[in-house]
Each structure stands twice: as C-alpha cells, then as structure tokens.
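Asks: here's a sequence, model it:
(2 chains)
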Protein chains: 2
Amino acid sequence: MKYTAHINVMPLKELLDPQGKAVNNSLHNLGLSQVHDVRIGKHVTLHLEAANKDEAQKLAQDACKKLLANQVMESFDFTLSEG
Amino acid sequence: MKYTAHINVMPLKELLDPQGKAVNNSLHNLGLSQVHDVRIGKHVTLHLEAANKDEAQKLAQDACKKLLANQVMESFDFTLSEG
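Replies: Okay, the predicted model is just below:
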C-alpha cells in the first residue's frame, strides 16, 4: 500500500532559534507586532510503499532517525495518510 | 486571545526540488528504498495575539504572504490552534 508521511523537524524547545528570532523581528518591522515566539524547522513530505500502517510508521521513523533529524538539536513528529 | 499558527511552506509541485531529490537518494543509500517523491520545505510555528479566530487567520496569512513564503516558487498552508 502507498502512504504519504508528513514530517516536521523542529529545533528543540531548550535551544535558541536564531532564524526564528530574525523572522520574528522582521515581522514586527512589517507591522505584525502581534506575532511572537517564531520557530522555524523543516517540513518533509515523502511517499512510502509498505504492507501496512505499522510498517509505514517504522519506515518513516527510521528515515527521521537516520537522516532527517539530528536528535541532538532537533525533535521530529509525523503523520501518515494513505495514498 | 492567544493562538498558535502551524505553517508549512513547500516548493510548488511544478518545480524541481533538488534538496528533496538529494535526500531521496540518501535514503535509498541508507537502505530505505521504499521511499520516493521526497519534498522539503519549511515548517514555522508562531504565536499570535488576536481578538478572534478570523483575525488570527488574517494575521497568519499576512505573515506568509509578506515574508514567509515566496509565492513565485512556494505554496503555503497553515492551521490555527488556541493557546
């Protein structure tokens, strides 16, 4: 079966996020002062072939741990949908 | 009221995504050959102060259009949650 994984990789909450800070300031400069606590990470979508949802889950987790997320500095979460 | 916006900014489907292509190949090299069509974009979370959900929606859309997404090359979507 075919699955689509939607993966978010974000910097850990305990760490500074200079890119997010810069975007926060830029949004304020653009007049959007109601915005705060901006954090920026990666969004990855990928398609998977797997026998069932459990296997797809394992594959997506593998991809995150082996390559997509650096777990020293980043956390990840994902959702799976069919098709 | 306080809202949290979860924003995804992705390269348009019509465009090549060399970063996604490279990650696709790397995943194959790591033995995850069931994976294909990897695309990589940005995930942004930000907190908003707004009177109601409509206003929060407008603010998030503004932030995307003015700064976060380059609509020539990228599409965006977002979800809002309270708190």
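Asks: for the closest residue to chain B within chain A, the count of nearby residues, please.
Replies: Across chain A, the shortest distance to chain B (CB to the nearest CB) belongs to residue A:43, at 3.9 Å. No exception for glycine: its C-beta is placed from N, CA and C like everyone else's. Using other CB atoms under 10 Å in any protein chain shown, residue A:43 has 20 other residues around it.
Asks: quick one: name the residues of chain A near chain B.
Replies: Taking CB under 8 Å from any CB of the partner chain as the test, the list of chain A residues beside chain B reads A:8-10, A:20, A:23-24, A:26-27, A:30, A:32, A:34-50, A:59, A:62-63, A:66-68.
Asks: list the ones among the residues you listed that fall in strands.
Replies: Of the residues of chain A next to chain B, the ones assigned to strands by DSSP state E are A:8-10, A:35-49.
Asks: got a ChimeraX select line for the buried ones in the residues you listed?
Replies: Here is the ChimeraX selection string for the buried members of those, based on 16 or more other CB atoms under 10 Å in any protein chain shown:
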select /A:8,9,10,35,38,39,40,41,42,43,44,45,46,47,48
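Asks: now the residue of chain A positioned farthest from its centre. Its backbone dihedrals?
Replies: Residue farthest from the centre of chain A, counting by CA atoms, centre = their mean, is residue A:31 at 27.4 Å. Dihedral pair for residue A:31: phi 100, psi 0, per degrees, to the nearest 10.
Asks: and residue A:53, how far from residue A:79?
Replies: Look at residue A:53 and residue A:79: by CB to CB, to the nearest Å, they are 11 Å apart.
Asks: do residue A:58 as well
Replies: Residue A:58 is 15 Å from residue A:79, by CB to CB.
Asks: residue A:19 too?
Replies: Using CB to CB, residue A:19 is found at 24 Å from residue A:79.
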